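[1] A structural model of the following input is requested.
(one chain, ligands or ions: 3)
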Amino acid sequence: MTPTHAGPAAPDGLPAAQQPDWPDPGRVRAVRAELGALPGLVPAHECDRLGERLAAVARGEAFLLQGGDCAEEFRRATPGAVHGTAQTLLRMAGALEQAAGLPVVTVGRLAGQYAKPRSRPTETRGGRTLPAYRGDAVNGAAFTAADRAPDPRRLLAAYDAARTTLGLMSAYLASARGAASREVFASHEGLLLDYELPLRRTDPATGRAYATSGHLIWAGERTRGLDDAHIAFLAGIANPVAVKIGPTARPGELKELVRRLDPEHRPGRLTFVIRVGARKVRQVLPDLVAAVAETGAPVAWVCDPMHGNTFEAPTGHKTRHFDDVYDEIAGFFEVHAMLGTHPGGVHLELTGDEVTECVGGGAGSARGAGVSFADLPWRYASACDPRLNRSQSLEMGRLIAGLVAERTRVPVG
Ligand SMILES: O=C[C@H](O)[C@H](O)COP(=O)(O)O
Ligand SMILES: C=C(OP(=O)(O)O)C(=O)O
Ligand SMILES: [Mn+2]
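    Ligands and ions are numbered 1, 2, ... in the order given. Now for the predicted structure:
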């Protein structure tokens, strides 16, 4: 179990899991004040527009493609890295739109995905134990005491990197004429309350509070405690919000999340991102969908086929198999077909670079094809979880397009 810190940042003093052990509370207060004086990163009307798009996703009239790094890195807030991710997402969106005849809503895991919840608070290498890497907004990835020390000034660097990334994305979209979907929204896990709360602003037009750190904010599998600070934070913002749902979630918990996060049943407000693993999805998803259907809330159902399929390769690398990723998506579609509900979209960890982090893929996608275990050390660049590389992403995009096309009964071109 990861420790739960009842930190000062929690809304209404509620317990907040996975918060950093900042060394200097005075400095954190100063950083929060500085963040509070900076302009919001995204405007409220864009959050509302994404909400409208997600309402269409929930109705089965659009498909959500959400993807990007597991952990964004400050040093990669560069044109090459941001454009690579954007181009990969837009090419996948193009394949989906063409095959399925449905508009695709494209959302990046970007411009804020700088904080990570971890399974363990520390990491031991060669007999030496240091704090775990918790994302660039908290500490550095290098295995040194200096890097791993949490530093609240990194919250300001996260704001700068997010602003740079949003600018690079806008520039790319302005140049991507004719692209199937030219809107890319920004999303991240709203993990660090010392970052999220100062960036929460009241929209003068409506008097409603918005997280201005990104368009869509989600609570992770490790921070979705019903009575905890993260859910209270999401309940208090008007943005579209999502919650990751792992294999131990009970149907009643989802009903309670609906009650807290979408009491008015506002279309586009709430998305459930299911990440239960390929071997469990067919078994656990039906009861979850049925329970939420009983509430009558118009939630969007999205499949994260990454986080329930992670395993350790013989090389020691964290990896995922392309076929497991596809199988969880296929199972997700099967369950929705059986229930007559809508498979709203997918949430993927991917990059535009040809890294070697996930195994499999390649023509035919038989086990053993594409990236092999032996390839993993070659280009394993992720700061946290393994991502689909560019080729694997495009291949997965084509496979998903096949599933959506089958569903919408439009022949694949
Ligand atoms: O991205 C999700 C989590 O932060 C990640 O899977 C945790 O990884 P860990 O189990 O190595 O801590
Ligand atoms: C932390 C993540 O996922 P989850 O909360 O589903 O484990 C993530 O999306 O990187
Ligand atoms: Mn991850």
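
[2] Please count neighbours and contacts with C-alpha atoms only from this point.
    Fine.

[3] interface residues of the protein facing ligand 3?
    Listed as neighbours of ligand 3 in the chain under the rule CA under 5 Å from the ion: C70, D385.

[4] residue in the stretch 51-200 of the chain nearest to ligand 2?
    Closest residue of the stretch 51-200 of the chain to ligand 2, CA to the nearest ligand atom: C70 (4.8 Å).

[5] sec struct for that residue, please.
    Here C70 is recorded as coil under DSSP: H, G, I helix; E, B strand; the rest coil.

[6] wait, is M92 part of a strand?
    No. M92: not assigned to a strand; according to three-state DSSP it is helix.

[7] where's it relative to K116, distance?
    Separation of M92 from K116 (CA to CA, to the nearest Å): 26 Å.

[8] ok, how many other residues are close to the residue of the stretch 251-400 of the chain found nearest ligand 2?
    In the stretch 251-400 of the chain, the residue that lies nearest ligand 2 is H307 (5.6 Å; CA to the nearest ligand atom). For H307, the neighbour count with other CA atoms under 10 Å is 21.

[9] same question, D287
    By other CA under 10 Å, 13 other residues sit near D287.

[10] The one 4 residues further on now?
    By other CA under 10 Å, the residues close to A291 number 16.

[11] State whether it and P251 are indeed in contact, as I suppose.
    Yes. With contact defined as CA atoms under 8 Å, A291 counts as touching P251 (5.6 Å).

[12] List of residues touching stretch 231-246?
    11, 44, 47-48, 50-51, 200, 208-211, 215-221, 223-225, 260-262, 268-276, 308 (CA atoms under 8 Å, 6 or more residues apart in numbering).

[13] hmm, try it at 7 Å
    For stretch 231-246, contacts defined as CA atoms under 7 Å, 6 or more residues apart in numbering pick out 11, 47-48, 51, 208-211, 215-221, 224, 260-261, 268-276.

[14] Just the buried ones from these, in ChimeraX syntax?
    Burial among the contacts of stretch 231-246 is assessed by 16 or more other CA atoms under 10 Å; the matching ChimeraX selection reads:
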select :11,47,48,51,209,210,211,215,216,217,218,219,220,221,224,260,261,268,269,270,271,272,273,274,275,276
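
[15] so of the contacts of stretch 231-246, which ones are in helices?
    Mapping the contacts of stretch 231-246 onto helices (DSSP state H) picks out C47, D48, G51, R260, L261.

[16] Okay, L166 and ligand 3: tell me how far apart.
    21 Å (CA to the ion, to the nearest Å).

[17] Check that residue and give its pLDDT.
    If you check L166, the pLDDT there is 98.

[18] could we number from 431 for the rest of this?
    Done: numbering now begins at 431, and the last item shifts to L596.

[19] Quick check, it in contact with A541.
    Yes. The pair L596 and A541 qualifies as a contact (CA atoms under 7 Å) at a distance of 6.1 Å.

[20] in stretch 468-475, what's buried?
    Neighbour-count burial for stretch 468-475, counted by 16+ other CA under 10 Å, picks out G470, L471, V472, P473, A474.

[21] got any ranges where the stretch 731-843 of the chain has weak pLDDT?
    By pLDDT under 70, the low-scoring segments of the stretch 731-843 of the chain are 793-799, 839-843.

[22] again, but for the stretch 581-730 of the chain
    Short version for the stretch 581-730 of the chain, where the test is pLDDT under 70: 607-611.

[23] Around ligand 2, which positions in the stretch 531-680 of the chain sit nearby?
    Selection of the stretch 531-680 of the chain residues close to ligand 2 by CA under 6 Å from any ligand atom yields P547, G650, E651, R652, K674.

[24] Name all residues that make contact with the second one.
    Under the criterion of CA under 7 Å, 6+ apart, the contact list for G650 reads E619, V673, K674.

[25] Of these, which count as buried by neighbour count?
    E619, V673, K674.

[26] shaky segments in the stretch 431-580 of the chain?
    431-440, 442.

[27] please redo it, this time with the cut-off set to 50
    431-439 (pLDDT under 50).

[28] and the residue in it that ligand 3 sits nearest to, how many residues sit next to it?
    As assessed by CA to the ion, ligand 3 sits closest to C500 within the stretch 431-580 of the chain, at 4.2 Å. With neighbours defined by other CA under 10 Å, the count for C500 comes to 26.

[29] contacting residues for it?
    Here C500 is in contact with E779, C814, D815 (criterion: CA under 7 Å, 6+ apart).

[30] ditto for A831
    A831 is in contact with A525, L526, A529, A530, counting by CA under 7 Å, 6+ apart.

[31] OK, contacts around the residue lying farthest from the centre of the chain?
    The centre of the chain is farthest from one residue, G557, which by CA atoms, centre = their mean lies 33.2 Å away. Applying CA under 7 Å, 6+ apart to G557 gives no contacts.

[32] A592 belongs to a helix?
    Yes. Under three-state DSSP, A592 sits within a helix.

[33] burial of it, as a residue count?
    Counted with other CA under 10 Å, A592 comes out at 24.

[34] same deal with T745?
    For T745, the neighbour count with other CA under 10 Å is 12.

[35] What sits closest to it if chain neighbours are left out?
    Sequence neighbours aside, F803 is the residue nearest to T745 in space, at 7.0 Å (criterion: CA to CA, 6 or more residues apart in numbering).

[36] and that neighbour, what is it in contact with?
    Neighbouring residues of F803 by CA under 7 Å, 6+ apart: A743, T745, V789.

[37] same deal with D753?
    Counting by CA under 7 Å, 6+ apart, D753 has contacts G790.

[38] Repeat that for the one 3 residues further on.
    The contact partners of Y756, by CA under 7 Å, 6+ apart, come to none.

[39] Am I right that it is in a strand?
    No. If the criterion is three-state DSSP, then Y756 is helix and not within a strand.

[40] So which of the contacts of C500 are in strands?
    If you go by DSSP state E, the contacts of C500 have E779 in strands.
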